[in-house]
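# Sharing a sequence plus its predicted fold:
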Amino acid sequence: MIRFENLTKSFWLQGERKVVIDNLNLTLPTGRSLALLGRNGAGKSTLLQIIAGTMRPDHGRVVSDGTMSWPVGLGASFHRDLTGAENVRFIARIYGVDTEDLVAFVEDFAELGKFYHMPMRSYSSGMRSRLTFGASMGIRFDTYLVDEVTAVGDRAFKKKSREVFADRMQHSSAIMVNHSMGQVRKFCDAGIVLEHGRMQYFDDLEEAIAVHEAMLS
C-alpha cells in the first residue's frame, strides 16, 4: 500500500511557480504493478523521487507499508565521485544485504568492465542506468520504482533487463514510467495518469492507456 496525503510539489521556473503535484490524496493498492503515465514534464520522475524519499515535497507525505527501491534509472541516488563498485557497497550496507554478493551481481549484470571500478562521473547516462538497475535488481524490494530503464543498452542487454525484471515481478510490485506501451502492457496490470498535478488510478490498464493517449492527441 502506498498512500499520498495532501501531497504537493512545485518548482520555480523563470520566476513562475509550476505545480507538478497538487494536493494529492490517493491510496494505491498492494500487489499491483502500476504504469505511471503522463505527458513529458507532467512530474512523473519527480513523483517517483518523492515516493522513494530522495526528494522532499512542499508539504504532505507519502505513507507505505512495504520496502521501496530508489528510482531505478535515475542516477541521483549515487555519488558521482565514488566508483560504481564503491556505490554498490555503500548501498548494500544501507539496505543490510551481503556486500560481496551484491557487488558481484551488479558487476556481472551491468557489464561495465573496467568502468565498474572508475568514478561514476566518467559514466555515460546509459552506464549509470545499467549500474542503478543492476543494484536495484540485486536487492529484493516489495515495490520497485522504475524510470525507463528497460530501454537502456543493446538488444541483448535489454532482453536481459526485461527477464530479470519479470522475475522480480513474480514476487514484487512496481510503479513504472515507460513511453513504450508495449513494455507497459508486458509488466503492468493497472495504471495511474498524472496530469496538471492531479492523479487518477485505473484498475483497468487499457483504460489508463486510452486516457493517456487521448490527452496526447
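Yes, it's here. The model shown is predicted, which means the values in this text are computed figures rather than measured ones. Residues are numbered from 1 along each chain as shown.
# By mean pLDDT, which helix or strand of this structure comes out lowest?
For the chain, counting by mean pLDDT, DSSP states H and E, strand 68-72 ranks last in confidence among helices and strands (a mean of 82).
# Which secondary structure elements does it sit against?
Judged by 3 or more Cβ pairs under 8 Å, 6 or more residues apart in numbering; DSSP states H and E, the packing partners of strand 68-72 are helix 44-52, helix 125-137, strand 143-147. Every C-beta, even on glycine, is put in place using the N, C-alpha and C of the backbone.
# and with 10 Å instead?
If you count contacts as 3 or more Cβ pairs under 10 Å, 6 or more residues apart in numbering; DSSP states H and E, strand 68-72 packs onto helix 44-52, helix 84-95, helix 125-137, strand 143-147, strand 173-177.
# Which of those sits closest to residue 203?
With Cβ to Cβ as the measure, strand 173-177 is the member of those nearest residue 203 (14.0 Å).
# The closest one pairs with which strands, parallel or anti?
If you go by DSSP bridges, strand 173-177 pairs up with strand 33-37 (parallel), strand 143-147 (parallel).
# and residue 8, which of these is closest to it?
strand 33-37 (17.7 Å).
# The closest one versus helix 44-52: what angle between them?
Note on geometry: by axes from the mean of the first three to the mean of the last three Cα atoms, to 10 degrees, strand 33-37 and helix 44-52 are set 140 degrees apart in direction.
# roughly how far is strand 33-37 from the heart of the chain?
10 Å (Cα atoms, centre = their mean, to the nearest Å).
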